[in-house]
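Novice: have a look at this fold, sequence not included:
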């Protein structure tokens, strides 16, 4: 088995083995691009390292040195050599891009001897490189805090009276190297290694180790990257952007990653090494300034960027270095982008004929796309808002919240349920968890490719960076325009404009761009799974239609009864002692419920409207305070104690597993009869007055046995047919069920015989399968998450491994009886991209989600990746 | 397709088609026994009748008349003929014996003309038969209440001054026929049919109809007889036990159905028809009196009974009629018997070499056998009890309760949870439901084969019949020895002795007879599934050992913490704020828990002892009353409000789905560590001091994901091994899990990789699969039962159809990973015969049940039927 590959041995398809960075370096090598050569230690070597109890095996070490020898031959340089010495960078590269998570060491191969050899050619670059090596090596390999070195640098800068480390002279740099070596030895308890091969092996091992540092683990968890993937390590010949005149280093996107505009978009620094750009410690220049100063290099880079975009069929994020006028490509990868840019780019690339519509849909990251639908500030509120600062619009979307100054505090606010904005000088990987739980991020330093910007875009979270008007102080305060802001003070930020406002500003849902609408149309053409919506009101239904829903998958009828003027009749119904009393109370509810359906049918016209019958336990409708009970008693002409007796009798030990769902309708069929009458009469009315052939789908919840369904369906169909006949009209209606109990899953074949359609209620199914209720599980799921037992919230994203097996079983059982039976899902998971993927693969006819999630779901169902 | 069979065309194997009665009549015909010939309309014809919307199809009618013609030929008589007329009986006969549930019509074929023809030969018999026909026909076909006819009979008896209808003279019988015809016409609105063929078809249809009368439906439900089986109808030439001298009719068992004693046991009446014997309206003679009066007929009957017993390899229940000295066999079937008799007969028949041990075990009806273990009266209490009457010991077992005089009241008492004794003149099929819910039955009339006796034995319920000292009055009172007893007054009855006592007498569990113990030993030899017990105390464990348990399948450790002196430490543990505090509280619990295990291990010696770790939510251990809370506060030196805060924080919306089971131990591993230490140290102590190689099996409850198990098992094994090493001893312990969540079922392959054994917790699994909690389901399960939606309590008997599928899935998944993994069940179902059948078929290694149910379970696991 081969563990180490020369760049010339690989290609883009070998991503699993070489990691993303390594595969792309190999691919660019194959394409004949100017890439400094090198080799990649594979992900398998990383796994081997962990398997061998954190030791790089002798045979892999041997392979590394063999490939090093080949690199020496290719470059005609010698690693640790006394003339023409080879320096290398060591960089991690996992299968999935993990920006800022893994570590890099540049200039490896420099020692006290080698630096002198290199200094013969270019002394300043040599010592500048050496001090960088010592600092990075100390950080990455020995975990010595960078601040010790930064303190020394500041001391030297102050001493020499110079502003930037880029301007230090040779003596200062030599002094810095001396100081750095002392600091290194003090903290590492050994001198800086003078054997380049030791440096190399230690650096490779450090990269392997960093695969399991807490930040990497957190990032993997957040992005569902399996630990087993491992990371590769790239060893590449150094080129130098820090050799003075004619030197530069930078990063650029082939299109604008924020807006999607077709233009080269990037930043660079003269006379610097790559880390200076991305670290956010120096404020870089925009790429157009490179065009002015080095037009040839710029043009070459531009041409290569276009070639790469066509080759990879996607927008590219590239790193380059110009050494004495010569361009080198150090990396390319599909670029991260904002939701807005993603839409623009996908749309444009189809229009430009670069990719197909299916490729455009597949290119969209639905997790990020949700940002598009994130709230925007309310226009009116915004017009009177107090704008207090402006930064770079790094990740769009509006957010309001309390200021917090560190990740720990952000977590505390999150746990209390208070939205917060994380305000930092700049962010670092340690902040990721805090960023994740904040509503927005605001930094006073850094550019559009700084850590904060990249990560926030990845999270689809509102972010403003480089907002220098915000002076973040050490004592947990920030001064903006002379005013001091403290933790807990409210601010609002707009990541699309870069504006920062004082106080909280109301928000409204985002609007869809024309390009996005076109993409959605393409998606609809490509998809076989339809997207319905969960909506309880005509307003929600209208919103969902606007977002492209093709039907309603779930109306929770009980929500219609909670309004003040309705709950009284509902309570009267519950307090009834006899069927006659109950029917009388239900008669009061009938016209109200019927009008609800008339309104919804009018909006939905001829699209399916799935109505779930009364589901929650009756006690939910009863008052809880003494005052409310007394009021109810007086209205009902009942004694307070009688009402309390009823409420007590409705008490259940485990209401989630109590008298609810179809069980209610079986005990009190008159409730289902009232709902049937309301639906059918409403449908006939809309058909008659508006001419729509409305499609009501009656859904019986919480069925565990087909007999429950049959008992109700028989009565429902009888009544419905009777009403339809009386009206001398025809009406297509269906009676189906929710499958939301484990028993219903294993009995799905029997159930399928009786029902017209099936909708999975994955929320209840998750509760019953795991045996924990959503309301109570928080307590121990926190422990589970901490201990790595259950790390994905199964209520947010379907537990495909466990609950999914039950769904699969039910699906196949149902289809084995009725191959064409309509099957969908109306639980929360119907709007979750990863869950939709599962339902789509099985062959569901539809997914149903909240109106707000409909557009994303439409993309999801069309993706074939 | 053939729908009607001559007796000579069938045999015992055709039970499904011919019903039990028809198949046995055919079999006796094949054996050459003296059986009046006839034919059977099959169960398929009954199903056809219902399929055709309650019409007997033309083709089946044709087949019936063809077979009738063949019967006429065989008997050389003519149905409705003017000389030598053929009379027939029409009797139902389903696949399963349903005593007293279906209806019979005798003497069919008599009309005003035919009776005169028959009268030429024997006028008294002719008119006696005719009046019987009219009454039975009116009852069965026209549903005219028998009481109208009984009133007339009483009137005639009074008028003529005669005691019994058997002694009425010809004129009186003729007069009775005239009166009966008038009553018939009055209630039926048409005259009594004078076409014998109309009588026949109407009677057959009435039998079909009666298959779905409420009593039949109730009986089927109680005995799990599917509606789809249908009933057959037997049409058989009449023979006459009512032809005066040399005539008799009776029923007899080949062995005593109450005690099992090997002796012909039965009752008969001179000059009567069969219905007189079983109806309990005449007090019959014992069969030994037949030996004296008709020794030849008796001897023939005795010989036939022995042949039948050998032929059917079981005790027989036979009906016979002697017409003018000639014996006819009218029916034979395997006899119902008391639990005590069942044991005795099974044992004796093996000893006599008639059947094998396996047949003996298979012969035992485990549902009835439970009666053996039913409570007996406490000896001491009995010695001072006031015996007030003595009747026939019809069905053994002691019972105490309030007197009720009708089935409806019995149901009311049952719903209140108050035990009651149903006291009746005699019982009838209308009383079955009331009998089912009573603790015991006492009748003042009827013999050992009366309705009450037969049904009570079938139910395994204590019953005394023919207790003439109890005078049951119409005004809901009974006078016993001059004292008036009213509804609600307490009495006690002993169905094994026939004694009735005043007041309530304490009871104690039944003892095992030597024969039963021998049968159990045979069962153990034959069974592959072991029977364990659920026991929380050394006392329970000892009891279970006595009953033959081969291990403990479930110790609920939490039960050990509820005792007064222990719950304090438990509460201290719960109120702990830190791990250190908690460990300190647990240290107090450790020696208590360790001693519990020492005691149990000492009892169980080298048998497996399965210990479930703490399972219930912690709030169950906290006080609820203000006083208790105040006490706790003072003990704990805490504020009352602080304790209330903790209690509130422990509140859960759905505790069944909350922080319990392994979730507790994951949040607080120190609890599991304390339990591990207690178990392992106790095991080592018993091993050291008593020398037993104890077998602790540690069971982690409520696992939904293998990671939960791994997290705990790793820590448990580490600590256990450490303690074992410190003691320098060896110890076999295992760590396994309960599968009681639907998700655990589908993940059982993964779980099997980690666990040493699996025990299904079918109670929780039933709750989660159905999505209803045992505590709350009562409310709607009553409705479900009434409506026929779920008629078997899934907590009493496993829902094999639904929950069973999940268990099967899990079983096969687990075995696919570890073919030899030990698999058992410790839910309530482990003691239920039908559920055990399921577990046995799957291949479980053990079932675990309460000590009291162990003997029955041992029989169940050995049965191969």
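Specialist: Sure thing, it's come through. The model shown is predicted, which means the values in this text are computed figures rather than measured ones.
Novice: how's chain A carved up into domains?
Specialist: Listed domain ranges for chain A are A:1-96+A:212-236, A:112-192, A:239-337, A:375-508, A:527-617+A:652-862 (source: automatic domain parsing).
Novice: near chain B, which residues of the stretch 601-750 of chain A?
Specialist: Proximity of the stretch 601-750 of chain A to chain B (CB under 8 Å from any CB of the partner chain) is limited to residues A:652-659, A:663, A:666-667, A:702, A:704-705, A:707-708, A:711, A:740-743, A:746-747. C-beta here means a position set from N, CA and C on the backbone, and glycine is covered the same way.
Novice: mind listing which of the residues you listed are in strands?
Specialist: Of those, none are assigned to strands by DSSP state E.
Novice: thinking again about what came up before, lowest-confidence stretch among the domains of chain A?
Specialist: Mean pLDDT values for the domains of chain A show the minimum at domain A:375-508, a mean of 87.
Novice: make TSV out of the domains of chain A and add mean neighbour count.
Specialist: Listed next are the domains of chain A as TSV, based on neighbours: other CB atoms under 10 Å in any protein chain shown:
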stretch	mean neighbour count
domain A:1-96+A:212-236	19
domain A:112-192	17
domain A:239-337	20
domain A:375-508	20
domain A:527-617+A:652-862	21
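Novice: skipping adjacent residues, who's closest to the closest residue to chain B within the stretch 101-250 of chain A in space?
Specialist: Nearest residue of the stretch 101-250 of chain A to chain B: residue A:227, at 13.5 Å (CB to the nearest CB). Sequence neighbours aside, residue A:220 is the residue nearest to residue A:227 in space, at 6.6 Å (criterion: CB to CB, 6 or more residues apart in numbering or on different chains).
Novice: ok, the one you found - contacts?
Specialist: A:98, A:226-227 (CB atoms under 8 Å, 6 or more residues apart in numbering or on different chains).
Novice: could you pull out the helices for the stretch 451-600 of chain A?
Specialist: A:451-459, A:514-526, A:538-546, A:564-575, A:579-604 (DSSP state H, counting those that start in this stretch).
Novice: sorry, back to before: so can I have JSON lines of the domains of chain A showing distance to residue A:517?
Specialist: Below are these laid out as JSON lines (distance: least, CB to CB, whole Å):
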{"stretch": "domain A:1-96+A:212-236", "distance to residue A:517": "29"}
{"stretch": "domain A:112-192", "distance to residue A:517": "47"}
{"stretch": "domain A:239-337", "distance to residue A:517": "15"}
{"stretch": "domain A:375-508", "distance to residue A:517": "17"}
{"stretch": "domain A:527-617+A:652-862", "distance to residue A:517": "8"}
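Novice: and of these, who's closest to residue B:440?
Specialist: Taking CB to CB, domain A:527-617+A:652-862 is the member of the domains of chain A nearest to residue B:440, at 33.2 Å.
Novice: now the closest one: how far from the chain's centre is it?
Specialist: Relative to its parent chain, domain A:527-617+A:652-862 has a centroid offset of 28 Å by CA atoms, centre = their mean, to the nearest Å.
Novice: need the helices of the stretch 451-600 of chain A in CSV (columns: distance to residue A:726).
Specialist: Listed next are these as CSV, based on distance: least, CB to CB, whole Å:
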stretch, distance to residue A:726
helix A:451-459, 57
helix A:514-526, 39
helix A:538-546, 26
helix A:564-575, 25
helix A:579-604, 15
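Novice: ignoring the adjacent residues along the chain, who's closest to the residue of chain A found nearest chain B?
Specialist: Taking CB to the nearest CB, chain B has its nearest neighbour within chain A at residue A:742, 3.6 Å off. Leaving out its chain neighbours, the residue that sits closest to residue A:742 by CB to CB, 6+ apart is residue B:742, at 3.6 Å.
Novice: repeat that for residue A:110.
Specialist: Using CB to CB, 6+ apart and skipping the chain neighbours, the partner closest in space to residue A:110 is residue A:130 (4.8 Å).
Novice: now do the one you found against residue B:498, distance only.
Specialist: Look at residue A:130 and residue B:498: by CB to CB, to the nearest Å, they are 110 Å apart.
Novice: quick one, longest helix in chain A?
Specialist: Across chain A, the longest stretch assigned as helix under DSSP state H is helix A:112-142.
Novice: packing partners of that one?
Specialist: strand A:85-86, strand A:104-108, helix A:146-160, helix A:170-188, helix A:196-210 (3 or more CB pairs under 8 Å, 6 or more residues apart in numbering or on different chains; DSSP states H and E).
Novice: just how off-centre is that helix within its chain?
Specialist: Between the centre of helix A:112-142 and the centre of its chain there are 40 Å (CA atoms, centre = their mean).
Novice: ok, now stretch A:260-276?
Specialist: For stretch A:260-276 - counting by CA atoms, centre = their mean - the centre lies 26 Å from the chain centre.
Novice: go on, stretch A:378-395?
Specialist: With CA atoms, centre = their mean, you get 25 Å for stretch A:378-395.
Novice: now do the same end-to-end measure for that stretch.
Specialist: Stretch A:378-395 has an end-to-end distance of 18 Å (CA to CA, to the nearest Å).
Novice: what's the answer for stretch A:223-234, then?
Specialist: End-to-end distance for stretch A:223-234, by CA to CA: 23 Å.
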